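J.: The sequence and its predicted three-dimensional model are supplied below.
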Amino acid sequence: MASWEAETAHHDDETELVEQARSGDRVAFEKLYRRHRDRIFGLLWRICGGDRALAEDLLQEAFVRAWIKLDSFRGESRFGTWLHRLSVNVALSDRRIRMRRVERETVLEGTVERTVQGASDVYADKQMDLEQAIARLPERARTVLVLYDIEGYSHAEIGEIAGMAVGSSKAQLHRARKLVREELEK
């Protein structure tokens, strides 16, 4: 079978699973979960700066939200694309909530983004690889880097998802790349 035929069959199967899940079929939704969980986890793990526990929590939240909002999926894109965007929105919403909490609890000294990251500073004295360098980025810069360089979103899409101007997205990407280079040169 040609690869496009296999892809079409996969898409048709997925469309059927989505329709079954919309009708309340939890087994069909579980199949969708198993099909997409690893890729979504990888995305969330990177956005969370390598915080596995937080990424796992957000993964569960994303799929709960997908189940609740399944009727809003119009089929204009693939289910995986819709789920991907929904998951990014879950992560960014969580970040905004954590930022507000930190702002209420901490005197602002320009370090809020670093504080929200949590345990990633533990690796400061160790040799860093690319994933660790990305994890150490300030959250906004890391989010843009992950969405643009790893996930392939455009600056316009990132601006829409993250609620920032296209110019801010470009500036954050430039900043992120520079900081990663500096970390890797250490």
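T.: That came in fine, so what should we check first? Numbers count the residues shown, from 1 in each chain.

J.: Which positions in the helix or strand in which R98 is found come out as buried?
T.: In this structure, R98 sits in helix 79-105 according to DSSP states H and E. Judged by neighbour count (16 or more other Cβ atoms under 10 Å), helix 79-105 contains these buried residues: 79, 82-84, 86-88, 90-92, 94-95, 98-99. Heads up, the C-betas are built off the backbone N, CA and C, glycines and all.

J.: Skip ahead from the strand or helix carrying K31 and say which helix or strand is next.
T.: Using DSSP H and E, K31 sits in helix 26-47. Per DSSP H and E, the first helix or strand lying C-terminal to helix 26-47 is helix 52-68.

J.: which parts of that following helix are buried?
T.: L54, A55, L58, L59, E61, A62, F63, R65, A66.

J.: which among the residues you listed gets closest to R46?
T.: A55 (8.4 Å; Cβ to Cβ).

J.: Give the lowest-confidence helix or strand of this structure, using mean pLDDT as the measure.
T.: helix 112-117 (a mean of 47; mean pLDDT, DSSP states H and E).

J.: roughly how far out does the next helix or strand along the chain from that one sit from the chain middle?
T.: Downstream of helix 112-117, the first helix or strand assigned by DSSP H and E is helix 130-135. Distance of helix 130-135 from its chain centroid, counting by Cα atoms, centre = their mean, to the nearest Å, is 15 Å.

J.: Go ahead and confirm L92 touches T143.
T.: Yes. At 6.9 Å, L92 counts as touching T143 under the criterion of Cβ atoms under 8 Å.

J.: Name the residues contacting each of those two.
T.: Contact criterion Cβ atoms under 8 Å, 6 or more residues apart in numbering; residues shared by L92 and T143: I47, A162.

J.: average pLDDT across the helix or strand that contains K170?
T.: Under the criterion of DSSP H and E, K170 resides in helix 166-185. Average pLDDT, helix 166-185: 92.
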